[in-house]
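**Student:** Structural data only, the sequence is not supplied:
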C-alpha cells in the first residue's frame, strides 16, 4: 500500500502563503524574541523607505544617515544594562590603509594573558557595510564575550559607505578590512596571536567573505585560517522583482518585514554601489562567487536564522562552498529573525551563548 499526501493542502510559510503575515503572527517565531521585539515595537512589519531607489543620491544618503541613528539608538537600548567585563582588557591600535586612511583596531584579550599566544579572531560588524559604529556598546559586548573564551579579538573600524558627512562606497570598506588583515598578520607575535579567523554578521559577514576572496586574488589567503559568517548579507538582490525573489531566494518574500524590510536594504545597496556596476561582482556581493572562486578556501562556518529574509542566500553560499570542496559547516537557528543571535542576548541568551561558544571552538580548532 502506498501512502500519498496532498501537498497542496500544506500552506506555504510566512508571506509566501499569507501576504498579510507578520513575525508576531508567525507560529514559527521564538516566543522570547517575539516578546522582546514587541517591547521595541519591532514585532510588526518593518517599514519600507519613503521613496523609490531612483531618488537623488543625496536624499538616499540622508535617509541612510537617519537609519544609522535609529539603529544606533536601538543597539544602545538593547545593551543599556550591560556593563564592561572586568576579565577582559582592551587596547586600541591603528593600521595603515591603501587609500591613505588610518584604520582603528580595537583589541580585546582575556585579562592576565599578556605574553601568551592565543587564537586570533578578526571581528567585522554588521550594518550592510553602510551604517552602525564599530565602537558601540553592543559590538563591544560581543567582542568582550568572545575574548573571555580565550581569544584575542580585533574589531576592525572600517569605513562605512555612508558617514556623517561623506560617502565612501565600495570598495573602501573592503580595502580597510583587507589592509587591517595584512597588518594584523604581520604583527601576530606583537599582539600574541597564533592564527587569524574572520568573523562577522550581516554586512560584516559580507566583508569577511569578500576579504577571503580578495586575499585569494592578491595571494594573501594564507593569512586567513577560517571564516565564520553569520546571517550573511551577500546577494544585493533586495530590489529584485517578487517573481525573481521567489524563484531564486524565496526567503526574501517569505520573511519580508521580519525585522528587516528588503526595500530599505535596497537603499543601502544603492549607496554601497551607487552605479550598480558591481551588482554581480563577488567582491561586492559574494553570493555571485563561482565554485572556481571558492576552490582552495580555508574552512568556513555559515550560520543563518530561519525567519530572516537573508536566510536563503547564506544557505546558497554554504552549498557553493561544499561544491568547491571547502570544509564548510552550516548552522540554522530556528525561530529567529536577522541578527537576533548576536543582538538580543537578554531575550535568547542560550542561543547567544551557544553561538559565542561555537565561534570560539572554531577559532581554537584552527589555531596554529
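**Tutor:** Done, it's in. Since the structure is predicted, the reported quantities are computational estimates derived from the model, not experimental observations. Numbering: from 1, shown residues only.

**Student:** helix/strand/coil for residue 92?
**Tutor:** strand (DSSP: H, G, I helix; E, B strand; the rest coil).

**Student:** got the contact list for the spatially closest residue to it that is not a sequence neighbour?
**Tutor:** Leaving aside its chain neighbours, residue 92 sits nearest to residue 106 (5.9 Å; criterion: CB to CB, 6 or more residues apart in numbering). For glycine as for every other residue, the C-beta is placed from the backbone atoms N, C-alpha and C. Counting by CB atoms under 8 Å, 6 or more residues apart in numbering, residue 106 touches 90-92, 134-135, 140, 143, 154-155, 157.

**Student:** Let's see that with 7 Å instead.
**Tutor:** By CB atoms under 7 Å, 6 or more residues apart in numbering, residue 106 lies in contact with 90, 92, 134-135, 143, 154-155, 157.

**Student:** Out of those residues, flag the one nearest to residue 118.
**Tutor:** Closest approach to residue 118 among the contacts of residue 106 (CB to CB): residue 154, at 11.6 Å.

**Student:** Report how many residues lie close to the closest one.
**Tutor:** 27 (other CB atoms under 10 Å).

**Student:** hang on, it in a strand?
**Tutor:** Yes. According to three-state DSSP, residue 154 belongs to a strand.

**Student:** residues contacting it?
**Tutor:** Residue 154 makes contact with 105-107, 120, 122-123, 184 under the criterion CB under 7 Å, 6+ apart.

**Student:** Check the gap between it and residue 89 for me.
**Tutor:** Per CB to CB, to the nearest Å, residue 154 is found 13 Å from residue 89.

**Student:** before we move on, what about residue 211?
**Tutor:** For residue 211, the distance to residue 89 - CB to CB - is 26 Å.

**Student:** Please say which of these two ends up with more neighbours.
**Tutor:** Between residue 211 and residue 89, counted using other CB under 10 Å, the more crowded position is residue 211 (31 against 16).

**Student:** in its sheet, what does the one helix or strand the residue nearest to residue 92 maps to sit against?
**Tutor:** Using DSSP states H and E, residue 106 sits within strand 102-110. Strand 102-110 pairs in its sheet with strand 88-96 (antiparallel), strand 152-156 (antiparallel), by DSSP bridges.

**Student:** Surely residue 160 is in contact with residue 126?
**Tutor:** No. In this structure residue 160 lies outside contact range of residue 126 using CB atoms under 7 Å: 11.1 Å.

**Student:** and residue 259, how many residues sit next to it?
**Tutor:** Using other CB under 10 Å, residue 259 has 23 neighbouring residues.

**Student:** I meant residue 111, not that one.
**Tutor:** 12.

**Student:** excluding its backbone neighbours, what's nearest residue 182?
**Tutor:** In space, residue 182 comes closest to residue 220 once its chain neighbours are excluded; the distance is 6.5 Å by CB to CB, 6+ apart.

**Student:** And the pLDDT for that neighbour?
**Tutor:** Looking at residue 220, its pLDDT stands at 95.

**Student:** same question, residue 5
**Tutor:** Per-residue confidence (pLDDT) for residue 5: 51.

**Student:** Likewise for residue 53?
**Tutor:** 88.

**Student:** Contact partners for it?
**Tutor:** Counted by CB under 7 Å, 6+ apart, residue 53 has contacts 239, 266-267, 270.

**Student:** So it versus residue 270, what's the distance?
**Tutor:** Separation of residue 53 from residue 270 (CB to CB) stands at 5 Å.

**Student:** what's the neighbour count on residue 238?
**Tutor:** By other CB under 10 Å, neighbour count at residue 238 equals 26.

**Student:** for the protein, what's the longest helix?
**Tutor:** helix 57-78 (DSSP state H).

**Student:** what is the rounded mean pLDDT of that one?
**Tutor:** Rounded mean pLDDT across helix 57-78 is 97.

**Student:** buried stuff in that helix?
**Tutor:** For helix 57-78, a neighbour-count test (16 or more other CB atoms under 10 Å) marks 60-61, 63-65, 67-68, 71-72, 75, 78 as buried.

**Student:** again, but for stretch 23-34
**Tutor:** Residues of stretch 23-34 classed as buried by neighbour count (16+ other CB under 10 Å): 23, 26, 29-30, 32-34.

**Student:** Tabulate those (TSV), appending secondary structure, distance to residue 258 and pLDDT.
**Tutor:** TSV is the format used below for the buried residues of stretch 23-34 (DSSP: H, G, I helix; E, B strand; the rest coil; distance: CB to CB, whole Å; pLDDT from 0 to 100):
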residue	secondary structure	distance to residue 258	pLDDT
23	helix	4	97
26	coil	7	97
29	coil	8	98
30	coil	11	98
32	helix	15	98
33	helix	10	98
34	helix	10	98
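
**Student:** still on that earlier bit, can you name the two of the contacts of residue 154 that are farthest apart?
**Tutor:** Using CB to CB, the two most remote members of these are 106 and 120, lying 13.3 Å apart.

**Student:** low-scoring stretches of the chain, by residue?
**Tutor:** For the chain, the stretches with pLDDT under 70 are 1-8.

**Student:** could you pull out the helices for this structure?
**Tutor:** According to DSSP H, the helices that the chain contains are 14-17, 31-39, 57-78, 137-147, 172-186, 188-191, 203-217, 242-248, 251-254, 262-272, 291-294, 311-323, 340-343, 349-365.

**Student:** For residue 85, find the nearest of those.
**Tutor:** Residue 85 sits nearest to helix 137-147 of all those, at 4.6 Å, using CB to CB.

**Student:** now that closest one against helix 57-78, angle please.
**Tutor:** Angle, helix 137-147 to helix 57-78, by axes from the mean of the first three to the mean of the last three CA atoms, to 10 degrees: 60 degrees.
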